[in-house]
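Sequence and computational prediction follow.
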Amino acid sequence: MFRNKRFLQLLFHFIVFSFVFQTCIYDFYRKEFVSEKQKNDEVLLLALLGILPNPNQKLFGFIPGTSRNLSNSQFLNAEWFPKSNKKKLVFVHGWNPAERDSDPITNDEKKIQNIKNTFSNGLIHFQEGRDSANSEFDIYLYTYRTSNSILVNGRQFHSTLRSNFSDSDSVTIIAHSMGGLVTRVAMAKETGSLPFVRLVVTLASPQFGSPFASKSFLNSNSFVNELGSYLVDTQGGQELAYTNNGNLQTNLSGASNDVLDLLNDSYLNSGLNSKFISFAGILSNCTVGETFYYNTGCTLLNNAGYTSSDGIVTSNSARLGNLSYKQINVSDCDHSMMAFQTLNVDDIKSRNLFSSVISEIRNYP
């Protein structure tokens with residue numbers, strides 16, 4: 001009997017050793033031979049199958065502080081964020097052109113930095129009590145891997161909203177640039193119902209795409225062709241391409257975007273555009289933007305016949321061709337400024353835009 005017991009112990013240790021050894025070999029193989037892109041593809045597939053959450057996306061709750069130097073500790077996992085009876089604002093950032101599927105899985109520090117890069121001024125306005133917004137609303141912020149397809153990111157955003165809010169909540173989404181397209185996918189009837197989302201405010205969202213994401217526009221200008229080709233060399237970037245099929249669109253030879261066309265057709269059929277208010281930045285001339293990048297973009301668009309833009313997105317695209325519930329033009333704000341992100345947080349343009357957004361949310365029927 002003792003010998004049998006000894007044998008079973010040896011067998012158990014052998015099985016454990018074999019499992020640990022194989023696990024170490026697998027981990028070594030993945031570390032040395034599996035690309036970051038393949039790892040990201042694997043986690044994306046597991047997320048789409050509902051097996052695991054996508055580690056590249058996350059919803060945070062924002063805890064107002066006292067310092068304008070926002071701390072990472074103010075961004076709390078939404079699952080742990082204290083629930084209240086206040087209305088909810090969910091901010092969604094736009095495209096990060098430097099992101100690639102080959103990047104390592106995004107850690108929380110990088111996620112929070114993506115949010116700060118877009119919305120730090122708006123968060124400061126909120127925590128300092130501008131328009132008394134902090135007494136009426138809780139703020140949440142959603143971040144995602146922008147190199148992925150907007151269809152994938154939109155479905156995951158839908159799932160994240162569904163798991164964090166109930167039908168009794170009153171939620172308004174404030175989405176900048178690509179974030180507006182991700183939100184439109186999340187809200188589409190084909191994705192599923194989100195009855196607690198009362199309103200979506202888009203800030204400079206290319207709802208009919210942008211010429212700068214279209215190869216036909218990039219190829220026509222040697223100055224931007226090489227850089228532009230790099231920027232749109234992802235699935236997410238390609239889906240920002242300009243479409244000629246949007247209402248009141250100026251024609252761009254060779255431009256097409258089947259993803260946006262199908263999405264916009266769905267909205268026309270469902271009537272969901274009535275839940276959207278569209279803000280569009282319009283530079284009165286190509287020197288009033290805060291950076292050389294957007295002023296140059298404005299000049300290139302002007303030369304091609306697109307005389308109303310924020311330096312990246314044409315006003316008609318941002319206004320959804322006047323098909324949304326309401327369209328609001330914002331004078332002399334470039335694309336980044338349309339997320340309240342002026343170089344000086346106290347700039348009147350940033351403060352006025354924040355106040356205008358809060359006012360529209362309060363006045364929406």
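Structure's in. What do you need? Numbers count the residues shown, from 1 in each chain.

CA only for contacts and neighbour counts going forward, please
OK.

Enumerate every residue touching the closest residue to Phe196 other than its chain neighbours.
Of all residues not flanking Phe196 in the chain, Asp167 sits nearest, at 4.9 Å (Cα to Cα, 6 or more residues apart in numbering). Applying Cα atoms under 8 Å, 6 or more residues apart in numbering to Asp167 gives the contacts 194-196.

Is it possible to mark the buried ones in these?
Neighbour counting with 16 or more other Cα atoms under 10 Å marks 194, 196 as buried within these.

From the contacts of Asp167, pick the one nearest Asp131.
Phe196 (23.6 Å; Cα to Cα).

now what about the host helix or strand of Gln113, what contacts it?
Gln113 belongs to helix 108-127 when assigned by DSSP states H and E. With Cα under 8 Å, 6+ apart as the contact definition, helix 108-127 has outside contacts at 57-58, 64-66, 68, 70, 72, 75, 93-94, 132-134, 141-144, 336, 339-342, 345, 350-351, 354.

From these, which land in strands?
Among those, the ones falling in strands (DSSP state E) are 58, 75, 141-143.

Give me the below-cutoff pLDDT ranges for the stretch 151-300 of the chain.
222-223, 225-231 (pLDDT under 70).

That one: helices as residue ranges?
178-187, 215-218, 222-231, 235-238, 258-270, 292-303 (DSSP state H, counting those that start in this stretch).

Highest mean neighbour count out of the ones you listed?
helix 178-187 (a mean of 27; mean count of other Cα atoms under 10 Å).

For that helix, C-alpha coordinates in PDB please.
The C-alpha coordinates for helix 178-187 follow below in PDB (Å, rounded to 0.1, in the frame of the first residue of the first chain):
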ATOM      1  CA  MET A 178     -13.700  59.000 -34.700                       C
ATOM      2  CA  GLY A 179     -15.500  58.500 -31.300                       C
ATOM      3  CA  GLY A 180     -18.700  59.700 -33.000                       C
ATOM      4  CA  LEU A 181     -18.500  56.900 -35.600                       C
ATOM      5  CA  VAL A 182     -17.800  54.300 -32.900                       C
ATOM      6  CA  THR A 183     -20.900  55.700 -31.100                       C
ATOM      7  CA  ARG A 184     -23.000  55.500 -34.200                       C
ATOM      8  CA  VAL A 185     -22.100  51.800 -34.600                       C
ATOM      9  CA  ALA A 186     -22.900  51.300 -30.900                       C
ATOM     10  CA  MET A 187     -26.300  53.000 -31.300                       C
END
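
count of residues packed around the closest residue to Ser216 other than its chain neighbours?
Distances taken as Cα to Cα, 6+ apart place Gly254 nearest to Ser216, at 5.8 Å, with adjacent residues excluded. By other Cα atoms under 10 Å, 12 other residues sit near Gly254.

okay but Gly254 is in contact with Leu218, surely?
No - Gly254 is beyond contact range of Leu218, at 11.3 Å (criterion: Cα atoms under 8 Å).

give me every residue that touches Ile63.
74-76.

Please name the residues that touch the spatially most central residue of the chain.
For the chain, Gly179 is the residue whose C-alpha lies nearest the centre (Cα atoms, centre = their mean; 3.2 Å). Gly179 sits next to 92-95, 205 when contact means Cα under 8 Å, 6+ apart.

what's near enough to touch Ile328?
With Cα under 8 Å, 6+ apart, Ile328 has these contacts: 277-280, 319.

hmm, which two among the residues you listed are most spread apart?
Spatial extent of these (Cα to Cα) is set by the pair Ile277 and Ala280 at 10.1 Å.

Comparing the two, which residue is more hemmed in?
Per other Cα under 10 Å, whichever of Ile277 and Ala280 has more neighbours is Ala280, with 30 against 25.

Distance check, the more buried one against Ala204.
5 Å (Cα to Cα, to the nearest Å).

same check, this time on Asn363
20 Å.

Between the two, which has more neighbouring residues?
Between Asn363 and Ala204, counted using other Cα under 10 Å, the more crowded position is Ala204 (38 against 8).

Next, count neighbours for Phe212.
Residues contacting Phe212 under the criterion other Cα under 10 Å number 25.

mind listing what it touches?
Phe212 touches 218, 228, 241-242, 312, counting by Cα under 8 Å, 6+ apart.

count of residues packed around the residue nearest to Asn72 when sequence neighbours are not counted?
Nearest residue to Asn72, sequence neighbours excluded (Cα to Cα, 6+ apart): Ile112, at 6.8 Å. The tally of other residues near Ile112 (other Cα under 10 Å) stands at 22.

Tell me the spacing between Ile112 and Gly209.
26 Å.

Ala280 now?
Plainly put, Ala280 is 13 Å away from Gly209 if you go by Cα to Cα.

Please apply the same query to Met187.
From Met187 to Gly209 the distance is 18 Å (Cα to Cα).

same question, Leu218
Distance of Leu218 to Gly209, given as Cα to Cα: 14 Å.

Same question for Leu123.
According to Cα to Cα, Leu123 and Gly209 sit 27 Å apart.

More neighbours: which of the two?
Using other Cα under 10 Å as the criterion, Leu123 and Gly209 rank with Gly209 on top: 32 against 24.

on that earlier part again, which among the contacts of helix 108-127 count as buried?
57-58, 64-65, 70, 75, 93-94, 133-134, 141-144, 336, 339-342, 345, 350-351, 354.
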